[in-house]
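Asks: Whatever this is, show me its structure:
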Amino acid sequence: MGRMKNVWLMALACVFVLGFAARKGAWPQPENVTAETPIGLFEGHGDVGAVLHAGSVEYDAGKRSYTISGSGENMWLATDGFQFVWKKVSGDVTLTADISFVGKGVNEHRKAVLIVRQSLDADSAYADVALHGSGLTSLQFREEKGVATHEIQASVSAPKRLRIEKRGAYFTMSLADADGKFHLAGGSTRIALKEPFYVGIGVCSHDKDVVEKAVFSNVELKGAAPVTAAQSILYSTLETITVASTDRRVVYVAPERFEAPNWMPDGKNLLFNRNGRIEKIAVTGGTPQIIDTGFAIRCNNDHGISPDGTQMVISDQSQDEHRSLIYIVPIDGGAPRRITQKSPSYWHGWSPDGKTLAFVGQRNEEFDIYTIPAAGGEETRLTTAKGLDDGPEYSPDGKYIYFNSERTGHMQIWRMQADGSEQEQVTFDDFNNWFPHISPDGQQMVFLTYDASVTGHPENKDVMLRLMSLKDKKISVLAKLFGGQGTINVPSWSRDGRQFAFVSYQLVAN
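Replies: Numbers count the residues shown, from 1 in each chain. Just a heads-up that it's a prediction; the model follows:
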């Protein structure tokens, strides 16, 4: 009996020792256990999602640095796997850090991130600023739980210091140059997170069999005070978006307003307007160049390129009481040739055969759709309905003109035969839809969407870029952004139909 009692006591002792060792970390922990222990600015850490190798964090209080080891197959698609050092917060925040990887690394897509996340679930909604091992830097985001991740790629590679900022539902990325001064790095995205949420830093190896390491130093986590329009600077970002993936890439950012990109036929350059001039920039970025348009130095955002790529059409307000008139200019610049005699006239479409222009004209206090020969001549009125008709654009086969009209009470997309006959409604919803742009193959239509409460097409509003399949009329959201007037007023599809260009805007604290 005594012998059995001793065995029983020894078993209890083993259980106690094993349990104590597990709590102290001497034995492997169950997958995804989160340790809620203060670590510098943060409250806890742990692996998010399924990882084969447990991550870890080391904190150096003197240097305010965190060395994070993380595994995980990826932070992409619908689920993530990474080591996360976090704090639960509410309100608007900014998180800033210097980031450097340790060692050469196995996969160039390994990621070190500044992240704002709804939960610790692997498929949580989130936004992060991700520095990749290759130097690629992007604002990644998953708008809702369980949906696919997308990104906005910065034009800057391998920055040393990075920042993510949350203001309301908008998330932005800023990167510091060599002198340590931060610059807005691109477009923003809109995600509705519930309070409280998680903010922190993390590492993903992008290889389930590997552990990678990165150092986050000079880490700052701050609340962000509200910013009014009077206290802010408007930034414009020229972006391209790949339709198949809805991933975005930044081409050019500037602290002023510019508008309305056109994609040039060579596929290598974009046009846009700023301060009354038309400018050209490479799709890969760089410094824009002003195109000579002669006396026409008050160009607005209604401009485009001829089907054969040899001419440019502009709408300019330099003449006739500074009301918009339409002119044609050689594609590389030159003297403008006047097309419309009456004003105001705002160009929007060029027929595929190059012979006819479609435009919006205000005549007798009514805005309607007109056409006019590209060689000049008499204008022809195509719409007569009460209310604003705007944004006419030809289908690639020349059969239809698509446009937007408020004849039903709020703005919807319509189309008609090229001669103005058979006018029919295309979109039917509770939004206000503007500026239809038809893909080169005629199968899809991109357009700008405002909330139902918005009148006209003003600037600086919450808007969406949406895509309709013209075959089955199904609509999907491509991007949620801050924009409106100037975002996508004119045709901006690439000639291969894979991408289009647009402008987003941000109000940045002064």
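
Asks: Grab the most central residue of the chain for me.
Replies: Gly187 (4.9 Å; Cα atoms, centre = their mean).

Asks: okay, the closest residue to Lys88 other than its chain neighbours: pLDDT?
Replies: The shortest distance from Lys88 to any residue other than its chain neighbours is 4.7 Å, reached at Pro196 (Cβ to Cβ, 6 or more residues apart in numbering). From N, CA and C alone the C-beta is placed, and that goes for glycine too. Note for Pro196: predicted pLDDT of 98.

Asks: I figured Pro196 hits Val89, correct?
Replies: Yes. Between Pro196 and Val89 there is a contact at 6.1 Å, judged by Cβ atoms under 8 Å.

Asks: Around the spatially closest residue to Lys63 that is not a sequence neighbour, how many other residues sit close by?
Replies: Counting by Cβ to Cβ, 6+ apart, Ser217 is the residue found nearest to Lys63 once chain neighbours are left out, at 6.0 Å. Neighbour count of Ser217, defined by other Cβ atoms under 10 Å: 16.

Asks: can you check Ile290 too?
Replies: Ile290: 13 surrounding residues under other Cβ under 10 Å.

Asks: Over to Gly276?
Replies: The local packing of Gly276 (other Cβ under 10 Å) involves 14 other residues.

Asks: And the one 3 residues further on, by the same measure?
Replies: The number of residues packed around Glu279, counting by other Cβ under 10 Å, is 19.

Asks: still on that earlier bit, Pro196 and Val89: which is more packed in?
Replies: The neighbour comparison of Pro196 against Val89 (other Cβ under 10 Å) goes to Val89, with 19 against 12.

Asks: Wasn't Met312 part of a strand?
Replies: Yes. Under DSSP: H, G, I helix; E, B strand; the rest coil, Met312 falls within a strand.

Asks: Please give me every residue in contact with it.
Replies: With contacts defined as Cβ atoms under 8 Å, 6 or more residues apart in numbering, the neighbours of Met312 are Leu271, Ile278, Ile291, His303, Gly304, Ile305, Ser306, Ile328, Val329, Pro330, Ile331.

Asks: Any quick PyMOL command for the buried ones out of those?
Replies: In PyMOL, a selection of the buried entries from the contacts of Met312 looks like this (16 or more other Cβ atoms under 10 Å):
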select buried, resi 271+278+291+303+304+305+306+328+329+331
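
Asks: Turn the contacts of Met312 into JSON lines, including distance to Leu507 and secondary structure.
Replies: Formatted as JSON lines, the contacts of Met312 follow (distance: Cβ to Cβ, whole Å; DSSP: H, G, I helix; E, B strand; the rest coil):
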{"residue": "Leu271", "distance to Leu507": "25", "secondary structure": "strand"}
{"residue": "Ile278", "distance to Leu507": "26", "secondary structure": "strand"}
{"residue": "Ile291", "distance to Leu507": "29", "secondary structure": "coil"}
{"residue": "His303", "distance to Leu507": "26", "secondary structure": "coil"}
{"residue": "Gly304", "distance to Leu507": "29", "secondary structure": "strand"}
{"residue": "Ile305", "distance to Leu507": "31", "secondary structure": "strand"}
{"residue": "Ser306", "distance to Leu507": "36", "secondary structure": "coil"}
{"residue": "Ile328", "distance to Leu507": "36", "secondary structure": "strand"}
{"residue": "Val329", "distance to Leu507": "34", "secondary structure": "strand"}
{"residue": "Pro330", "distance to Leu507": "38", "secondary structure": "strand"}
{"residue": "Ile331", "distance to Leu507": "35", "secondary structure": "coil"}
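
Asks: What segments of the chain are helices?
Replies: Assigned by DSSP state H, the chain shows helices spanning 2-24.

Asks: which sections of it are below the confidence cut-off?
Replies: The chain contains residues with pLDDT under 70 at 1-35.

Asks: how about a cut-off of 50?
Replies: Across the chain, the ranges flagged by pLDDT under 50 are 1-31, 33.
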